[in-house]
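*Asks:* would you be able to build a 3D model of this:
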Amino acid sequence: MKRLALALAMIVTILAPINAAIPPKAGALCSKQGITKDYKGKTYRCIKSGKKIVWSKGTKTKSTSEASAPTPSPTPSPTPTSSSTPRDPQDVRTVTIRYKRNSGDYSGWNLWIWRNSDDNTKDSPVSSTGVPFESIDDYGARVTLTINNMKNFKDIGFIVRLNEWQSQEFTDRFITQFDSQGFAEIYLIQNDQTVYSVRPEANSSVSPTPTPTPEPPKSVYQRFAERDSSAVKNFELWSKDVATGLPKSKIEYWFGPNVPADIVEETKKRMNAAVLQWERFHKVSRSKIYLDLAMLEDHLARCEVLSKRSVHFPVDWCLSHDPRKNNFFNWASAFESEGGWRPIIDSKLSPEASVSHSYTLYQQKVFYTDQFIPRIEHEWIHQIQYDLTGNHYIREYPVWFVEGSAEYLGLLTASINDPDYFFQHRAQGWISFNNSLTVEDFKSWISKTTVPRLPYNSYVDSLPTDGTPYKFGALATEWLISKIGFDGLITLLRETETLGWEKAFEKRVGSTQISVRDEIAEYIYEEHKYVNANRTWLTLPSCKSLVNGGEVEANKGVCFSMDGRISK
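*Replies:* Numbers count the residues shown, from 1 in each chain. The predicted model follows:
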């Protein structure tokens, strides 16, 4: 037996150089997947096609001279040979991605690549700025990169995109098949969702083997709902049994003469819908409802109309709310005729109490921007607060709740039939891009904002100007409703008029504000963590805006119009 083994070893030794001398040919059988060979100016790679291992169609080998010369030494290849340094193919993956655009326009196109996990919160981007293509060859754009630390991840995800998400091809796609050394090469074609493992050419002797066709992409809402989320549960509760028809409450409208007919119609539609949906929980009965909307040219006329409703609304004071003076491309407010910022007659509302929902638009398009979408609904929530709690509401509610609840409930109201938009706007508008924020940071923020916006003995506003009462306050409100529901919220606001916020809160929640501070902070932190790990599919691209001195880009759901400022 030993002699036989020795004889076989000698035969293999003799045959090895003979096999090595056989020139590669596209489609011909080869010995080991992943090896490469240079022959007559081309580099061939041993690839898997179906159940066979064959030579790929060779690609031109770059050399310093095209003249007849000795065969150049092999071009270095990322594929390891038998003498390569050992590596762990489960932890280190090398991928080559080749992308063909039919028109040949590759400027600005790049890849967003991430280490993919079954738990989306653990996904890890390869680069925070995307991965550019390295070169363009006879197939198209090409890049090869090695990705380390893959041991704890399932596979590699990617999206082909234009610049910083100006456009993209399809949604998430994945590289799932690697050879024994952790190498993979894929081919992509513009407008073709298939991920090819073999170069797809009409004249190729090897039939392309596409990966299985992926399932239809899930909506933003469907993907968000895959986690156990209070945000999803609240939205589903809110959008259950949607009311239809017209509200019972009386709304008095005024529109400036320069307001286009379509904006008049849409304003009434949105305000009627907001009032109607909230009548499921509370019908405003203690305060009159006014809504005024003007273009810049109508601003003075709006102020004159407003001044007739209360001595606390003088024309000169109103004119100061010109959006240009405040550097915004719209003005939106809910003005109470008494209480709040006005002198307090009594804690109870008088029979003449009213709220004027007042808007001035810089341009017609502003009405249709993402930034203005929840404004009408946001201001309506302030009237709910006022009608339930009375003149002292702004002196009882904590800073985080006054605007945070209006922001949260306003977006819920505006998006009742559009869950995708709710979760995209929520992610874009309320979640900080500052990944360094900790639970302790949110605890500190809650402690600072759990004070009334106005004290009883002065008009010193405690509202920070950094926007956090709107953003973080919205998430804190989301947490609160997950505990007591919408009916419980209405009861809390109603009881605040007689018990005060602190006692009413403890009665409804079953705990003091101080005792639940850590729980609220943990909730806000976890929502920030999740959204920042999933921004690639959760957020909207930025709009063209007056921030950059241009025209406003409108159309809800298409892009995010920042915070509505005219300039930075």
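*Asks:* ok, now which ones touch residue 30?
*Replies:* Contacts for residue 30 were tallied using CB atoms under 8 Å, 6 or more residues apart in numbering; they are 24, 46, 53-55. (Each C-beta comes from the backbone N, C-alpha and C, glycine too.)
*Asks:* residue ranges with poor pLDDT in the stretch 101-250 of the chain?
*Replies:* 201-215 (pLDDT under 70).
*Asks:* tell me where it has helices.
*Replies:* 220-224, 230-238 (DSSP state H, counting those that start in this stretch).
*Asks:* about what we covered before: now the contacts of residue 30 as a markdown table including neighbour count, distance to residue 536 and pLDDT?
*Replies:* As requested, the contacts of residue 30 are exported to a markdown table (neighbours: other CB atoms under 10 Å; distance: CB to CB, whole Å; pLDDT from 0 to 100):
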| residue | neighbour count | distance to residue 536 | pLDDT |
| --- | --- | --- | --- |
| 24 | 21 | 40 | 76 |
| 46 | 20 | 35 | 71 |
| 53 | 16 | 36 | 70 |
| 54 | 22 | 37 | 69 |
| 55 | 24 | 37 | 71 |
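*Asks:* what sits against the closest residue to residue 149 other than its chain neighbours?
*Replies:* Closest residue to residue 149 apart from its sequence neighbours, by CB to CB, 6 or more residues apart in numbering: residue 91 at 6.6 Å. Taking CB under 8 Å, 6+ apart, we find residue 91 in contact with 148-151.
*Asks:* tally of neighbours for residue 346?
*Replies:* Residues near residue 346, counting by other CB atoms under 10 Å, number 11.
*Asks:* any idea how far it is from residue 390?
*Replies:* 8 Å (CB to CB, to the nearest Å).
*Asks:* re the thing from before, from the contacts of residue 91, which is closest to residue 240?
*Replies:* Sorting the contacts of residue 91 by distance to residue 240 puts residue 150 at the head of the list, at 43.0 Å, by CB to CB.
*Asks:* against residue 157, how distant is the closest one?
*Replies:* Applying CB to CB to residue 150 and residue 157 gives a distance of 12 Å.
*Asks:* burial count for residue 328?
*Replies:* 20.
*Asks:* so what's the spatially closest residue to residue 90 that is not a sequence neighbour up against?
*Replies:* Closest residue to residue 90 apart from its sequence neighbours, by CB to CB, 6+ apart: residue 151 at 5.4 Å. Shown in contact with residue 151 (CB under 8 Å, 6+ apart): 88, 90-91.
*Asks:* reformat the residues you listed as CSV; add distance to residue 117, secondary structure and pLDDT.
*Replies:* Formatted as CSV, the contacts of residue 151 follow (distance: CB to CB, whole Å; DSSP: H, G, I helix; E, B strand; the rest coil; pLDDT from 0 to 100):
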residue, distance to residue 117, secondary structure, pLDDT
88, 18, coil, 87
90, 14, coil, 87
91, 15, coil, 90
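*Asks:* count of residues packed around residue 35?
*Replies:* Quick note: residue 35 (other CB under 10 Å) scores 18 neighbours.
*Asks:* pLDDT score for it?
*Replies:* Note for residue 35: predicted pLDDT of 71.
*Asks:* hmm, residue 46 and it touching each other?
*Replies:* Yes - counting by CB atoms under 8 Å, residue 35 touches residue 46, with 4.8 Å between them.
*Asks:* one step back: and the contacts of residue 30, which two are furthest apart?
*Replies:* Greatest spacing in the contacts of residue 30, by CB to CB: 24 and 53 (12.2 Å).
*Asks:* and residue 256, how far from residue 304?
*Replies:* 11 Å.
*Asks:* neighbour-wise, which of these two wins?
*Replies:* Neighbour totals were compared for residue 256 and residue 304, and residue 256 leads with 21 against 13 (other CB under 10 Å).
*Asks:* related to what we said a few turns ago, want to try CSV for the helices of the stretch 101-250 of the chain, with distance to residue 429 as columns?
*Replies:* As requested, these are arranged in CSV below (distance: least, CB to CB, whole Å):
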stretch, distance to residue 429
helix 220-224, 14
helix 230-238, 13
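*Asks:* make a markdown table out of these and add distance to residue 468 and mean neighbour count.
*Replies:* Output for the helices of the stretch 101-250 of the chain, formatted as a markdown table (distance: least, CB to CB, whole Å; neighbours: other CB atoms under 10 Å):
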| stretch | distance to residue 468 | mean neighbour count |
| --- | --- | --- |
| helix 220-224 | 23 | 18 |
| helix 230-238 | 18 | 18 |
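*Asks:* number of nearby residues for the closest residue to residue 155 other than its chain neighbours?
*Replies:* Spatially, and ignoring its direct neighbours in sequence, residue 155 is nearest to residue 176 (4.6 Å; CB to CB, 6+ apart). When neighbours are counted by other CB under 10 Å, residue 176 registers 15.
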